[in-house]
Each structure stands twice: as structure tokens, then as C-alpha cells.
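>>> model this:
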Amino acid sequence: MYRLRAFYPFFRRVFKFYPSSGELLIEQMNNCTNEEQIFDLIERNKAILSEKQVGYAFTRLWEFQKQNTNFLKNVEFVKHHPQFLTLHNLTANKIELMNDDTLVNVLYIMQQLNVEAHDPLIAALVTESWRRLERFDLNVLSKFSTCLADQHLRFSPLMGKIAEILNSELEAIQDLRSLSVLMVSTSSLISQHFRERLVNKTELLFDTVDCSQVSVSRRIVQFLRNAKYNHYSLLDRCNKVFLSNMSKLDLDSISKILSLYKSLQFRSFEFIRMAKRKLTGMMSSCDDPASFVKLFVTLGPMAGPEEKEQLTSTMVLMSEELTSQQALAVLGAMEEMESRNSRLVKKIASVVLKHLDDYKPLELLKITQAIIFLHIQSKDVFVKLRETLLRYLKTSVIPTEISILVNAVSLLPPPHLDEARVSQIEAVLPQCDLNALNSFAISILRWIPYHTYLSSIAGKQLKLLQKLDHYGRQRLQESNSLNQLLEELKTLKGDWFVESLLEETIATLQQLTDEINFTNVAEIASFISKTSYLSTLLLDRIASVSLQHIEKIHPFSISTILLPFSILNYDPPQREEFLGTCIQRLNPYLSTLDPLMLVFLSYSLAILEYFPEDLLKAVFNITFLSKLDSQLEFLPSSLNMRVQLRLMELNRAVCLECPEFQIPWFHDRFCQQLYNKKEIGSMNGAQQQMHVMLAEVLGGVNYVKASALTPYYHTIDFECILDKRKRPLPYGNSSAVLGKVPQVHWKSNTQIPGSKLPPGAERIALIFWDSRAFCRNIPHLKGNSAMRKRHMEIMGYHVIQIPHFEWNSMALSTKDAQMDYLKERIFGESKS
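Down below sits the predicted model:
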């Protein structure tokens, strides 16, 4: 052995060893510093290049592209280089010799270099990959699935085969990176059961991944967005990865994450706060249109006034350089920012108008909605936009696309469609789902008011509505899957659905109650909350499923589940157990829950007269309120006001109903500002009529007070005082005018005023309940109104309720009948 070693240096000197020509060429490629050097090597060695060297040449070319700042320009240079064609032809001759990894890698890189999908080489690479599909390892399979997705082949049989392989191999998979890629690629094809298996596997593998791999977490969130699945546990874990790696996130990553969160309606104020700070620091460095548009779209909606002004001013200067897609993105961001800067609006409208023929139907609808919202008054824009929409409409055959185009046309003047287009709508109705039918109905209802003077047109539109009703009912009657139905119901809105299909929808849901489980209980609760329809069968089932499977329901869903019970003022048979179990599920998470969710949840429970002390202590403390206050600035103005209102109403409820908690009232100033913003000083016709009658019944205008404010700022439609003998007592103000609300002189006062009355006297609160105060299907008072009545009674008022269905009934169709009704309600049978 040792003798052989002694001879080794001798052999090295006599027989000199060099690297093989293949290894030498790869080493030379490694030493290249740009694409030209790679292409030079290809030109000099094209006759001897092996399949391995061809694959490595592609790899090196792609590495150079990733390092280049001007990506698009450089890609064009590479694609049109003479030696790229040589490389292209060499690849075509060596496809069958390539190993699996090289084969798919070449396909991936060619697509990244924007080689057209119909290129023969791309087709040959896909075909060969399909032939080898069963033997691909997980990493190669995931990359190939990305290639198919980039070619818009998400619904292809080939992608279906990949989903089948994933399904069969799922239990053995241990690589979350490759799994996350496959999840995103196949998300359009998976069933609900498969989706659950993928999510469970992801949760098991999540802790095995390096927390610095942001791309894996981003793909998981993208999968949840694609699958329309708000899995809060996974979202929360991914969000923690993003927060811990904020320093590594660039503009593109932050933009994508925020877009995904928006689609999923997932709100992380900590991420928004950190992202805003980082994006604000980028404002001075984004000097090209592509990056600045992305910054404008991402930062604009959450920026403060100064940042918005700076963003807008810079965008005005760059606006003429924008592409069609960039202009569309800016237009959408301006709508979200509620920015109506006239210069920017005019410039963006000009760019959009120039590229109008390049947009797809859904993009045209977004443009139409934005120009209406931004008050763009340009006849040229309206005319060309309408012409473009009608041109698309004439050739379209896809029901959802036709509904989108008709919706956009209905927003523009003149509000009219010719008979051919009406016939086109009728032809696709049998193929429409509930969303498309609802979209058509909303559009037609916009047109009808304009055509009442043309009976022939109005008649055709009414017939079309009747057909919509027919196909909507047919769709519901044929529904046999609760999850599929809920998916269609998720975004429905508008008068047509409520008036025509709500009863039928509730009946269908009641037939499918056995399919309500822990995975969809929050979704059906959300739908019922929007309808104001009291179905005790559905609500009891929601409560029962929640009780049985509370540990499987994420804490973030508890607020959604409780909401319909609060809105509809309904207590399930096991009320205390149901509410107590929900709160127990929440208690460990009180410190981590979204502050907005905590406020809305506490308010819902207050309506139900349920006041958990731990929950209220979590809300009414300086730390929480400071955190909530800092987050309000990131919210749209409407949501901001809604949160403040709910906090005020919760504060009022706790002060009145739980004084033992000694939580102070701190909303005097807010309520005064709110009241001053309202249109006070006049009443509508019905209120004026009732005011006159009450003055007559009670003995004069000084015996009744209109729009009276109670302590804690409840508003009473009309207030009067009766002594112990049921005789009206006058107010001190002799300057009251019928039909006018008296001026308010503000002072902070939460003392219940009963002690100021003569012995035996009582304050009467007359409340007129319109249809909004009741459930849609039965005369059952909704939660908000019931709490208002309860609070007035706590403050010592005798509440007289005047429901709209009594006041507007045939029995009270004359003034005398209404006068007698008021006398009986106020004085009782002793006075007529």
C-alpha cells in the first residue's frame, strides 16, 4: 500500500492530468462576468456543448439577470442576442438527454426570460416534463408546477395530475418550501377536504422551517388567499415571521403581503405600523415610475396628510410616463385614499383614456367605478369608455364577464341598452350563479327609474327582472352543498337579493343545517348578520356547533359567531353556557387580539346584556386605549368613526348597566362633537306631523320636547313629563317652535334626572321605531334598539314605543285615529 503511494508523485509528473473538457467549460462559465462572455463561449464551443453545459449556460444567464437593475431592458438584450438562438437550438436537440433537474430548470429560466409560451422549445420542454412527471422529486415537481402556473395552465389536466401526485404523497412530504410552491400552483383545483389536509400538514411542518424564510410564509398566505380560506392560526404564524424579518423586506415584498392581507380581510396593525415607517423612508429613493407607483399604491392609503401630499405631488410629475397598468393601479389607490387632487385626476384620466383598449372587462369596471367616485367630469372619458364596454359586450360569451360589462355600462350615461344586448343577457341567465344574477339585477334597477316614461323599455326590463327572480330561485332549489352556496352568498348585496331571494335563501340554508360544522360556522353567522333575518333554527344550530367544537374554532372567529345573536337580539336555549364557553375560548388571547375586534366583540356582548369583567378590564385600561388610538389613524374614515362610536356605546352601556365596575364615562366631548355635526334644527315631515299632534294632545308646544338628549347622550324622539295624576307638566322654555329642535347648551352631566321631578311625576320617552329597528321577517326588536330602550328605562324613563307598522296601518289612517292612539299610549285608558 505504502509502495503504491510512493509511486504516485512519479505518475503525476509523467502522465499529466487535466480537467475534462466538460468540467473546464463549466469552470470557464463560472469565471464569466457578463452575458457576452457566456455567449462567446457558446459560439466557440457549440459543436461540443453537452446537455449539462447547455443547462449551466442558462443558469449563469439567469444569475446575471437577477443581478441587473434594469431587468426588462437586459432580458430583451439576451433574448435577441444571436447566440441565444444558438443556445435555443442546442437545447432542442438535447432535451431527451437532460436530467430531470436540468430539464425543468431550463424551462423555468426560459419563461423568466419572457420567451413566449407558444415557442416550440417551451412546448417540447413541457411535453418531455409531462412524460417524466411520475418520477420527478418534490423539488423538481414544485418548480414545474410554477412553470405551468406562469403559462396560465392552472386548470389544465397536467396541473390536475400534479395535484393528484401531491395528494397521494402528502403524508411523506417533509419539505415545506416545495410544499408551499405546490400549494399555490394547485390551489385552483383542490377540494375542501384536500385543502384541510394541506393546511394541517403546513401547521405540522411550520416550526421546521427557518423563520428567516419569508418567501415560504408569503406563499402560505398566497395559498390561503387563492383558496379563500381565513385560517387565522396560520395567518398569525406567518405574520410573526414577517414582523421578525421586517428589516429584510423590500418594497415589492411589503406590497404583496399587504395586498394578500387585504384580500383575506386580515388586519395586523403592528405590520402596518412597521411597514408604514419603512415605506415612508423609501419616498426619497424611489425615483423611477415602476417603483414609485408601487410605493404610491402601498403607502398612500395609510399615509398621513403630509405624506399623501408629497406622494401626490411626485405622482403628478411622473404621470405622463405611466403604463396602462400603472395608471390603473394609481387610479385605484386614489379612490382608496379618497384623493381628488384635480391635477392628478386629470393626468391619470388622460393616461387611462389613451390605453382604454388595452384593459380587460374587470379592469374597465374598476376604472368606471373610480371615475364616478373621483367625480371625473369628462365627456370624452364617458363616451370612449361606454364605446369600449359595448364593443367588448358584443363579442363576449362568458356569463360572469357579461355581468361585469353590463354593471359598468349601467354606471355611465345614458342609462340604456339596446334590444340585442338585453337578449344577450337573457341568453346567459341559465348559466349564471347568484353573484352574476345579482349583478345583472343591480344594473337593471339602476336603469328603470330613467325609463319610466318609456313604457316599452321599462316593460322589457321588468320582464328581465322576473326572469332573474326565476333563475335565482331555481339556483337555490338546486343547491345541495352548503359550502358552495355560502361561497356564492359571500359577496351578495343590494335590494334585489333581499326583496326577491332572501326568504328562499334562508329556506335552503335551513334544509342544509346538518352541513354546518366548525369550519363554516363563522361564515354562515356572517351571512345571517348581514340579512337581519331571524331564523331560530339556524341560530340554534350555530350555537350548538360552537359549543360542541369550541376548541377547533379559532379565537378570531368568536366575534363573528356572536354577531348575529347580538344584531337580532336572540338568546339560544343554552344562552349562558354558549356565551360563557365563547368567552373562555377567548380569555387566553385577550392580550393578542386585534383591538378593533375586541371593541366590536365587547359591544356585541353588551347588547346581549353580558359583561365579562376580564374582557372589560382588557378594553378599559390606558394601555389598550392608547394602542387603539394609535391604530385609528390607519383606518378609512368610515371605519374609524364606526370604531369610535362602538367604543362610546360600550362605555355608555357599562356605566349604566354595570356601575359596580366603576369604569368612568369619558365620551362627553366626543358625543358633543358628534351631535353638532348632525343636521339639527329641523325634522322630517312625519316627525313634524307627530310633533304637532303631541302638542295638541298634551296641551301646547311647551309640554313636549323634540329630539331630547338624555344623560349619556341617547336621543329621544319626543319627551314629556306627567305628574302623578297623569297630567302633562310644561317645560320652562317658552320659545319652542313646532317642527324645530331646540338649541342645545352643552354641559357635562351624567346624573339621572329623576330626582328633579315633583313627587310621583315621571318622564315619558316616545320612540318611533321604523323598519330598521326590527328583524326583517318578524316584528322582533333588534339588539341595538332593545339596548336603547333598556338604557332609557334604567335612567327612569317610561318608554312608549310606536312601531311603524302600527302608526302606518289602515287602522290609523286618519288624524283622529292617530290622536286617539297617542292619547291611549300616553295616558292609558283613564283618558281618551
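>>> which residues of the protein fall in strands?
705-709, 715-722, 728-729, 762-769, 797-803 (DSSP state E).
>>> Walk me through which strands the second one pairs with, and which way each runs.
According to DSSP bridges, strand 715-722 forms sheet pairs with strand 705-709 (antiparallel), strand 728-729 (antiparallel), strand 762-769 (antiparallel).
>>> How about it, which residues are buried there?
Ile716, Asp717, Phe718, Glu719, Cys720, Ile721, Leu722 (16 or more other Cβ atoms under 10 Å). C-beta: built from backbone N, CA, C; applies to glycine.
>>> now it: mean pLDDT?
For strand 715-722, the mean per-residue pLDDT is 92.
>>> start at 388 instead
I'll keep to 388 as the first residue from here, and by that count the last item is strand 1102-1109.
>>> Compute the distance from the centre of that strand to the centre of its chain.
42 Å (Cα atoms, centre = their mean, to the nearest Å).
>>> Just send the strands paired with strand 1102-1109 back as TSV, with mean pLDDT and mean neighbour count too.
Output for the strands paired with strand 1102-1109, formatted as TSV (pLDDT from 0 to 100; neighbours: other Cβ atoms under 10 Å):
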stretch	mean pLDDT	mean neighbour count
strand 1092-1096	88	21
strand 1115-1116	92	18
strand 1149-1156	92	20
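>>> Switch those strands over to JSON lines, and while doing so, append distance to Tyr616 to every line.
Compiled in JSON lines, those are given as follows (distance: least, Cβ to Cβ, whole Å):
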{"stretch": "strand 1092-1096", "distance to Tyr616": "47"}
{"stretch": "strand 1115-1116", "distance to Tyr616": "61"}
{"stretch": "strand 1149-1156", "distance to Tyr616": "40"}
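>>> before we move on, back to that, please identify which two of the buried residues of strand 1102-1109 are farthest apart in space.
Using Cβ to Cβ, the two most remote members of the buried residues of strand 1102-1109 are Asp1104 and Leu1109, lying 16.8 Å apart.
>>> can you pull the contacts of His468?
Residues in contact with His468, defined by Cβ atoms under 8 Å, 6 or more residues apart in numbering, are Glu422, Phe426.
>>> What separation is there between it and Leu448?
To Leu448, His468 is 10 Å away according to Cβ to Cβ, to the nearest Å.
>>> what do these two both touch?
By Cβ under 8 Å, 6+ apart, the residues touching both His468 and Leu448 are Glu422.
>>> Could you save the buried residues of strand 1102-1109 as TSV and add columns showing distance to Ala814?
TSV is the format used below for the buried residues of strand 1102-1109 (distance: Cβ to Cβ, whole Å):
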residue	distance to Ala814
Ile1103	56
Asp1104	51
Phe1105	56
Glu1106	60
Cys1107	62
Ile1108	67
Leu1109	67
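>>> Among these, which one sits closest to Glu874?
Asp1104 (42.2 Å).
>>> what's the burial count for Asn1063?
By the criterion of other Cβ atoms under 10 Å, Asn1063 has 10 neighbours.
>>> show me the contacts for the closest residue in space to Phe464 that isn't next to it in sequence.
Nearest non-adjacent residue to Phe464, counting by Cβ to Cβ, 6 or more residues apart in numbering: Glu422, 7.4 Å away. Going by Cβ under 8 Å, 6+ apart, Glu422 touches Leu448, Phe451, Asn461, Phe464, Val465, His468.
>>> ok, now Thr895?
The contact partners of Thr895, by Cβ under 8 Å, 6+ apart, come to Leu863, Gln864, Ser866, Leu872.
>>> And the buried residues of strand 1102-1109, which is closest to Gln1188?
For those, the nearest to Gln1188 is Asp1104 (10.4 Å; Cβ to Cβ).
>>> any chance of the strands of the chain in TSV, with distance to Ser604 too?
Conversion of the strands of the chain to TSV gives the following (distance: least, Cβ to Cβ, whole Å):
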stretch	distance to Ser604
strand 1092-1096	51
strand 1102-1109	49
strand 1115-1116	68
strand 1149-1156	50
strand 1184-1190	53
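>>> pLDDT at Ser1219, what is it?
Ser1219 is given a pLDDT of 36.
>>> what about Asp1055, neighbour count?
15.
>>> dump the residue contacts of the nearest residue to Ser783 once chain neighbours are set aside.
Spatial nearest neighbour of Ser783, excluding adjacent residues (Cβ to Cβ, 6+ apart): Ile789 at 5.2 Å. By Cβ under 8 Å, 6+ apart, Ile789 lies in contact with Leu780, Ser783, Gln811, Ile812, Val815, Ala823.
>>> returning to that earlier point: what's the closest of the strands paired with strand 1102-1109 to Glu806?
strand 1149-1156 (45.8 Å).
>>> quick one: that closest one to chain centroid distance?
Relative to its chain's centre, strand 1149-1156 lies at 40 Å (Cα atoms, centre = their mean).
>>> now stretch 768-778, how far from the chain's geometric center?
Centroid displacement of stretch 768-778 relative to its chain, using Cα atoms, centre = their mean, is 29 Å.
>>> ugh, wrong one, stretch 700-715
Stretch 700-715 has its C-alpha centroid displaced from the chain centroid by 26 Å (Cα atoms, centre = their mean).
>>> Which residues in that stretch does the neighbour count mark as buried?
Thr701, Met702, Val703, Met705, Ser706, Leu709, Ser711, Gln713, Ala714, Leu715.
>>> average model confidence for that stretch?
Per-residue scores along stretch 700-715 average to 91.
>>> go on, stretch 877-894?
What stretch 877-894 shows for mean pLDDT is 89.
>>> Kindly export it (C-alpha atoms) in CSV.
These are the backbone C-alpha positions of stretch 877-894, laid out as CSV (Å, rounded to 0.1, in the frame of the first residue of the first chain):
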residue,chain,number,x,y,z
LYS,A,877,-70.4,35.8,0.5
THR,A,878,-70.4,38.9,-1.6
LEU,A,879,-74.1,39.4,-2.4
LYS,A,880,-75.6,42.8,-1.7
GLY,A,881,-78.3,45.1,-3.0
ASP,A,882,-82.1,45.4,-2.8
TRP,A,883,-82.9,42.7,-5.4
PHE,A,884,-81.5,39.8,-3.5
VAL,A,885,-83.1,40.9,-0.2
GLU,A,886,-86.5,41.5,-1.7
SER,A,887,-86.6,38.6,-4.2
LEU,A,888,-84.5,35.8,-2.9
LEU,A,889,-83.8,36.2,0.9
GLU,A,890,-86.8,34.0,2.0
GLU,A,891,-85.8,31.3,-0.5
THR,A,892,-82.2,31.5,0.6
ILE,A,893,-83.0,31.1,4.3
ALA,A,894,-85.2,28.1,3.5
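>>> what stretches of the protein score poorly on pLDDT?
388-409, 456-460, 598-599, 802, 836-845, 1065-1071, 1120-1142, 1216-1219 (pLDDT under 70).
>>> Apply 80 and report the result again.
Along the chain, the model assigns pLDDT under 80 to residues 388-410, 454-462, 594-599, 764-765, 801-805, 835-848, 1063-1074, 1119-1144, 1216-1219.
>>> can you give me how far the longest helix seen in it is from the chain middle?
Using DSSP state H, we find that the single longest helix of the chain is helix 842-864. Helix 842-864 sits 30 Å away from the centroid of its parent chain (Cα atoms, centre = their mean).
>>> could you say what helices and strands that helix packs with?
Applying 3 or more Cβ pairs under 8 Å, 6 or more residues apart in numbering; DSSP states H and E, one finds that helix 842-864 contacts helix 806-815, helix 821-834, helix 889-898.
>>> distance between stretch 643-656 and the chain's centre?
8 Å.
>>> show me what contacts the closest residue to Lys1202 other than its chain neighbours?
Computed as Cβ to Cβ, 6+ apart, the closest residue to Lys1202 that is not its neighbour in sequence is Met1080, at 7.4 Å. Met1080 makes contact with Lys1202, Gln1205, Met1206, Leu1209, according to Cβ under 8 Å, 6+ apart.
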